[in-house]
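Trainee: Got a predicted model here, sequence first, then my questions.
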Amino acid sequence: MPLLHRGNAPRSELIDLIGAELSGDRMLQWARELTRFYRSPGASGYHRATDFVAERFRGGDLDRVWTERFPLDGKSQLLNQTLPLAWEPVSAELRIGLPSGDLLVSYEDAPSCLPWWTPSTPEGGATLELVDVGTGEREEDYGRQDVRGKAVLIRGTTRPTGFAHAATLAMNHGAAGIITDYLLYPTAPFRTRESLPEQVQLLRMPSIDNSAWAIAVDYKAAQRLASLAPCKVWADIQARTFEGEAQNLFADIEGTDRSDEYIMFVCHSTAGTKPGANCASGPALLIEMGQVISDLISSGAIPRPRRTIRFLVDVEGHGSKHYIQNHRAELENTVAAIAVDSVGHDQQKCKSSLIYDHSPDSLPSFINDYYVGLMEANPKETRWVFHTENSIPLVNFIDLPYTPWSDNHYYPSYGVPS
């Protein structure tokens, strides 16, 4: 293996050396392991997934691995924002009419059917009259019929925040249950309710103090309910909302003469449902990065970085708030934070792009130019029929303006390009 010495190696040689060691197969293995766990904030599966990543970091001989815990209790605050309670699903069934009626959805078959922070039904379930309120986005949707003490059917729209808005209106009008086929971020023609009729969308309830239970169904079930309404439905939902805790998992590859400066990579172990892979690719990538860079340093193949490389695996958003509030000294010395979120798509199957969301231009930094340069150097064409070299996989990689999406939108407010 060639040795690279600080100051005399082009960036391309370093990238090639690390790229030769990075394994997509290993990252897929790590992601698969993470999808065994249901990873809602504070849930037992979230802790097991985070502990799994910690074990891989420690097994990779990174210089320092540690965790910091903080409450998810609905009372404590970070950056003047109240933290949510922990929440964990247990079981769910939705049937037409009676407990023996036709099954529309179950947690066993579709773990994504329970919106985070939905309360439970009474033990043994509840039978309610179902009222169709259309999209449920307007006050008049509830003025035409009495929904108090009943379940409402809310249909999807193109508005990203539409479900939370409609659910709030339904609860304000006294609904006791919410059934929806909402699909987040529809993108015609690939991602619509009609083109994905069997998908059950993972959603979030609008608060941690909700007065109605909620459950998501697929498009076909919603169409059937709409044709039957008004009708009776039976729901049995069991979930735990409790005072729990989160953990911030850290791993450092220590720098040399500028070790008190940081390049930070952030991802979250929350999100998705078993066996869903949404967001599991972020921790999988960080595991592989940490192990490969540490191994190359230990073998002498690459020099130790001048700055410290810091990995943070957290509860999405809240972990970054905890870091910002409790690590101000390190934050002031952080050159850039890179949030890694849903990076492992099969682009051909998902009709997706790998996206670089810029750090805001109001915060001067080299990071945008640096990443765009990396993207321009990325192979974009596959092997043609008479080519003699190895085939190159097609990668759809685009850069977009600043988008306040996940962990990336907290750091710029505190002077860190992200």
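Mentor: Here it is on my side, so go on. Just so you know, these numbers come straight off a predicted model, no measurement behind them.
Trainee: can you list the weak-confidence ranges in the stretch 251-400 of the chain?
Mentor: Scanning the stretch 251-400 of the chain for pLDDT under 70 picks out the ranges 379-394.
Trainee: is it true that Gln199 touches Asp218?
Mentor: Yes. The criterion here is CB atoms under 8 Å, and Gln199 meets it with Asp218 at 6.2 Å. C-betas here are computed from N, CA, C, even on glycine.
Trainee: Just want to know which of the two has more residues nearby.
Mentor: Asp218 (21 against 15; other CB atoms under 10 Å).
Trainee: okay but Arg48 is in contact with Phe37, surely?
Mentor: Yes. Between Arg48 and Phe37 there is a contact under CB under 8 Å: 5.1 Å.
Trainee: Please say which of these two ends up with more neighbours.
Mentor: Applying other CB under 10 Å to Arg48 and Phe37 shows that Phe37 carries more neighbours, namely 23 against 15.
Trainee: and that one, which of the three is it?
Mentor: Assigned by DSSP: H, G, I helix; E, B strand; the rest coil, the conformation of Phe37 is coil.
Trainee: Let me know whether it touches Asp51 as I believe.
Mentor: No. Counting by CB under 8 Å, Phe37 does not reach Asp51; the two are 9.7 Å apart.
Trainee: what's the biggest helix by length in the chain in contact with?
Mentor: Criterion DSSP state H: the longest helix present in the chain is helix 281-298. Contact with helix 281-298 is made by 17-18, 21-23, 26-31, 34, 49, 53, 56-57, 59-63, 251, 253, 265, 267-269, 302-304, 309, 311, 313, 340-345, as judged by CB atoms under 8 Å, 6 or more residues apart in numbering.
Trainee: following it, which helix or strand comes up?
Mentor: As assigned by DSSP states H and E, the chain's next helix or strand after helix 281-298 is strand 307-314.
Trainee: Quick one, which of the contacts of helix 281-298 are buried?
Mentor: Buried members of those, scored by 16 or more other CB atoms under 10 Å, are 17-18, 21, 27, 30-31, 34, 49, 53, 56-57, 60, 62-63, 251, 253, 265, 267-269, 302-304, 309, 311, 313, 340-342, 344-345.
Trainee: just checking, which of those residues belong to helices?
Mentor: Reading helices off those with DSSP H, I get Leu17, Ile18, Glu21, Met27, Trp30, Ala31, Leu34, Ala49, Val53, Arg56, Phe57.
Trainee: what is the rounded mean pLDDT of whichever strand or helix holds Pro89?
Mentor: Element membership of Pro89, judged by DSSP H and E, is strand 86-96. If you average the pLDDT over strand 86-96, you get 97.
Trainee: starting at the chain centroid, how far to it?
Mentor: Computed by CA atoms, centre = their mean, to the nearest Å, the separation of strand 86-96 from the middle of its chain amounts to 20 Å.
Trainee: so where do the helices sit in the stretch 151-300 of the chain?
Mentor: Under the criterion DSSP state H, counting those that start in this stretch, the stretch 151-300 of the chain contains helices at 162-172, 219-228, 281-298.
Trainee: Farthest-apart pair in the ones in helices among the buried ones among the contacts of helix 281-298, please.
Mentor: The largest distance within these, taken as CB to CB, falls between Leu17 and Ala49 and amounts to 30.5 Å.
Trainee: This completes my enquiry, with thanks.
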